[in-house]
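>>> Return atomic coordinates for the entry below.
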Amino acid sequence: MTGFDAIDALLAGARQETPLPPAAERRTLREGLNLSRAQLARTLSVSTSTVGGWESGRDPSGEVRDKYAYFLEGARTRLAEMSAEAPLRETPAGEPEPEEPAVGAAGGSPQLAEPADTRDDVEVLPSPRPCVLCGRPARHEVAGFAQHLDPAECGTGSTGPDGPVGSGTPAAHQESGRPAGTGRSGAARPGVGIVAVGRRVRTADTPDRIAAAVEAVSAAHAGDVEAATAALVKRAIPDAMALLDETRRGGRYDVVAHPWLPDILRRQSARGSDQVWEARPRWTRAELPSGRHEVTALDINGAYLSALKTHLPIGQLEHSTGNAHDRRRAGLHLITPPAWGHDPYLPNPLGSRDEPGPLWVTEPTLRLLLRLAGPKYQLCEAPEIHESWTSGATESLLEKFRVALREARDRAVAEDDEVTLEYVKAMYSKFVSTLGESNFNRELYRTDWMHLIRSQAFVNLWWKAHRAYDEGLTVVRVMGTDELHVIGDWRAVFPEGRGVTEVKVKDTYAVGASASELPGHEGPVT
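Below you'll find the model as predicted:
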């Protein structure tokens with residue numbers, strides 16, 4: 001084929017992508033047919049988060065775009081037909097309209113719904129503040145965060161499985177004051193079987209997504225452990241996203257999955273990095289006391305898994321200036337860091353940074369510095385905050401996701417199940433590493449989350465180093481997310497084992513010289 005023939009073939013195969021309606025209309029069409037995101041996701045063989053991304057403005061491509069466009073066109077046609085078929089309801093003159101059952105009423109019986117602004121966690125703001133989800137002015141505060149109570153007023157138009165986002169009134173609790181397990185008449189409902197899962201319990205019929213995946217893949221590979229492990233690790237990212245969707249069901253907040261990102265979170269070049277400093281430690285003690293010392297290199301288990309518990313911004317980041325920190329928000333901060341005068345025996349909380357001057361740090365790093373500057377520790381001055389990109393935040397956003405992974409990991413360790421253990425490790429490590437500009441995870445683009453979770457892992461390691469120092473151990477080296485070298489009886493400080501709250505020995509070695517090995521020594525030491 002000549003060069004011109006190849007060009008002709010390329011042109012012949014080119015086609016215009018199927019047009020899609022605006023993002024707001026996509027959601028309206030789906031909800032107009034009373035279809036959930038999960039129903040549409042199953043039909044199109046994608047995840048619920050992917051559908052949410054499409055309805056927030058992200059466009060699919062390829063064959064799935066054609067299918068999605070076909071659904072939207074069909075939904076538009078069906079809604080038009082339903083509108084034409086619906087008879088006009090006429091009310092005789094002078095006859096009042098029949099009352100609609102209140103939200104939360106069971107069996108169609110009238111029931112007064114509790115006014116949104118009288119619930120315990122809702123306050124009326126004296127002046128409008130930006131909504132935690134859409135950024136538009138909101139007049140109410142829910143659990144400390146400014147939010148629209150009416151989803152129609154919110155720029156995201158978000159509603160969760162438990163009603164409007166931030167409403168704080170799950171359907172299961174709308175009939176307040178009645179014991180769980182009883183009906184409206186007070187009669188007991190049939191009992192629900194439960195089983196133990198680690199420290200918690202769940203209903204007996206709840207599927208164990210992780211165990212089911214391991215069982216299916218192991219059977220498909222006829223018990224070949226190596227092949228099964230490789231197959232599970234390969235599918236770790238989509239499986240982690242499916243687990244996240246499952247654990248977020250019924251959550252208080254809808255997460256903005258594909259927010260606009262400020263320039264500080266964008267790579268400066270194709271292979272470069274953005275402007276955020278994660279404070280990764282790479283510290284080695286410069287000097288040890290004279291003599292020979294036995295050093296133990298400790299491995300911190302599940303560093304990234306533990307770091308999933310951190311303050312994460314829920315909505316799109318908003319810019320602010322001034323030397324003030326709001327603990328109800330989280331994000332990124334431009335600071336001038338304080339001087340650190342303890343480098344001979346403790347690593348700098350900012351990690352190994354040689355350049356002076358201001359830098360962008362994450363929420364965990366800033367909170368660490370502020371805590372160390374407080375009256376309890378007084379190890380440094382408080383950092384100066386120049387500007388910030390933050391959103392309303394919560395520390396428990398990924399808590400159910402983290403607990404599900406931790407319990408699966410604990411069971412795998414207890415049962416010596418290396419297949420499940422490697423699968424779970426891949427799920428949480430790849431989840432964190434692909435939250436940024438990654439081609440492997442297009443369901444959740446939260447580069448800010450990636451930086452915050454990584455930084456939390458570094459902060460957790462720093463606190464372990466501080467604990468070792470505070471308990472009388474000699475801290476020799478602190479590296480990455482999970483490596484701590486110490487001299488002394490470390491078992492009196494840290495529990496040994498493979499659990500997430502335990503440590504294990506990675507290496508032991510000796511440094512320094514004994515008196516008998518010093519130059520010029522003759523004869524035995526007495």
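>>> Give the buried residues for stretch 32-41.
37, 40, 41 (16 or more other CB atoms under 10 Å). All C-beta spots, glycine's among them, are computed from the backbone N, C-alpha and C.
>>> taking those one by one, which sit in helices?
When DSSP state H is applied, these are split such that 37, 40, 41 fall in helices.
>>> Show me the helices in the stretch 201-350 of the chain, by range?
Taking DSSP state H, counting those that start in this stretch as the criterion, the stretch 201-350 of the chain contains helices spanning 209-220, 225-234, 236-248, 303-307.
>>> Would you mind pulling up the elements that the longest one packs against?
Translated: helix 236-248. Applying 3 or more CB pairs under 8 Å, 6 or more residues apart in numbering; DSSP states H and E, one finds that helix 236-248 contacts helix 48-54, helix 209-220, helix 399-414, helix 418-433.
>>> tell me which strands and helices the shortest one is in contact with?
Spelled out, that is helix 48-54. By 3+ CB pairs under 8 Å, 6+ apart, helix 48-54 packs against helix 37-44, helix 236-248.
>>> Quick check: bridge partners of the closest residue to residue 358 other than its chain neighbours?
Take residue 358 and drop its neighbours on the chain: the residue closest to it by CB to CB, 6 or more residues apart in numbering is residue 336, 4.9 Å away. Residue 336 forms beta bridges with residue 384, as assigned by DSSP bridges.
>>> OK, contacts around residue 336?
357, 358, 383, 384, 386 (CB atoms under 8 Å, 6 or more residues apart in numbering).
>>> neighbour-wise, which of those leads?
Using other CB atoms under 10 Å as the neighbour criterion, residue 383 leads the contacts of residue 336 with 24 neighbours.
>>> Can you give me the distance of that residue to residue 337?
5 Å (CB to CB, to the nearest Å).
>>> ok, now residue 35?
On the measure of CB to CB, residue 35 and residue 337 end up 51 Å apart.
>>> And for residue 481?
Taking CB to CB, one finds residue 481 at 21 Å from residue 337.
>>> Compare the two and say which is more crowded by neighbours.
Between residue 481 and residue 337, counted using other CB under 10 Å, the more crowded position is residue 337 (23 against 18).
>>> Would you check that that one makes contact with residue 385?
No. Residue 337 is not in contact with residue 385 according to CB atoms under 8 Å; the separation is 10.7 Å.
>>> Just want the most central residue of this structure.
With distances taken as CA atoms, centre = their mean, residue 398 lies nearest the centre of the chain, 4.6 Å away.
>>> quick one: contacts for that residue?
244, 308, 309, 312.
>>> ok, the second one - contacts?
With contacts defined as CB under 8 Å, 6+ apart, residue 308 is in contact with 398, 399, 401, 402, 405, 428, 432, 453.
>>> okay if I get those residues as CSV plus pLDDT and distance to residue 30?
Shown next, in CSV, are these (pLDDT from 0 to 100; distance: CB to CB, whole Å):
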residue, pLDDT, distance to residue 30
398, 92, 26
399, 92, 29
401, 93, 25
402, 94, 30
405, 94, 30
428, 94, 31
432, 92, 31
453, 96, 31
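>>> Just the buried ones out of those, please.
So, by 16+ other CB under 10 Å, the buried ones in the contacts of residue 308 are 398, 401, 402, 405, 428, 432, 453.
>>> residue ranges with poor pLDDT in the stretch 351-500 of the chain?
Of all residues in the stretch 351-500 of the chain, none has pLDDT under 70.
>>> in it, which spans are strands?
Ranges of strands within the stretch 351-500 of the chain are 359-362, 384-394, 474-479, 483-487, based on DSSP state E, counting those that start in this stretch.
>>> among those, which is the most enclosed?
Of all these, strand 359-362 carries the top mean neighbour count, a mean of 24, counting by mean count of other CB atoms under 10 Å.
>>> hang on, the earlier thing: and of the helices of the stretch 201-350 of the chain, who's closest to residue 343?
helix 303-307 (23.0 Å; CB to CB).
>>> gap between residue 67 and residue 81?
Distance from residue 67 to residue 81, by CB to CB: 21 Å.
>>> cool, and residue 45?
27 Å.
>>> what's the closest of the contacts of residue 308 to residue 265?
Looking across the contacts of residue 308 and measuring by CB to CB, the closest to residue 265 is residue 453, at 14.1 Å.
>>> residues contacting that closest one?
Taking CB under 8 Å, 6+ apart, one finds 304, 307, 308, 310, 312, 432, 435 in contact with residue 453.
>>> which among those residues gets closest to residue 261?
Closest to residue 261, out of all of the contacts of residue 453 and judged by CB to CB, is residue 435, at 11.7 Å.
>>> So that closest one sits against residue 452, correct?
No. Using CB under 8 Å, residue 435 makes no contact with residue 452, being 9.6 Å away.
>>> And the two? Which one has more around it.
residue 452 (27 against 20).
>>> contacting residues around that one?
310, 311, 312, 330, 362, 363, 364.
>>> Which residue, neighbours along the chain excluded, lies closest to it?
residue 362 is the one closest to residue 452 (CB to CB, 6+ apart), at 4.9 Å.
>>> and if you look at residue 467?
In space, residue 467 is closest to residue 493, 6.6 Å off (CB to CB, 6+ apart).
>>> how deep is the one you found tucked in, by neighbour count?
18.
>>> same thing with residue 255?
22.
>>> Any stretches of the stretch 51-200 of the chain with poor pLDDT?
Looking at the stretch 51-200 of the chain by pLDDT under 70, you get 85-123, 132-135, 142-146, 150-152, 154-200.
>>> The same query, at a cut-off of 90, please.
51-67, 76-200 (pLDDT under 90).
>>> Compute the distance between the residue lying closest to residue 489 once chain neighbours are set aside and residue 340, please.
Distances taken as CB to CB, 6+ apart place residue 473 nearest to residue 489, at 7.6 Å, with adjacent residues excluded. Counting by CB to CB, the gap from residue 473 to residue 340 is 20 Å.
>>> Which of these two has more residues huddled nearby?
residue 473 (20 against 16).
>>> residues touching the more buried one, list them.
486, 487, 488, 489, 490, 493.
>>> mind running it again at 10 Å?
296, 465, 467, 484, 486, 487, 488, 489, 490, 492, 493, 494 (CB atoms under 10 Å, 6 or more residues apart in numbering).
>>> For residue 362, give its distance to residue 217.
36 Å.
>>> next one: residue 125
Taking CB to CB, one finds residue 125 at 51 Å from residue 217.
>>> These two: who's more crowded?
residue 217 (19 against 12).
>>> Read off the pLDDT value for that one.
As predicted, residue 217 sits at a pLDDT of 92.
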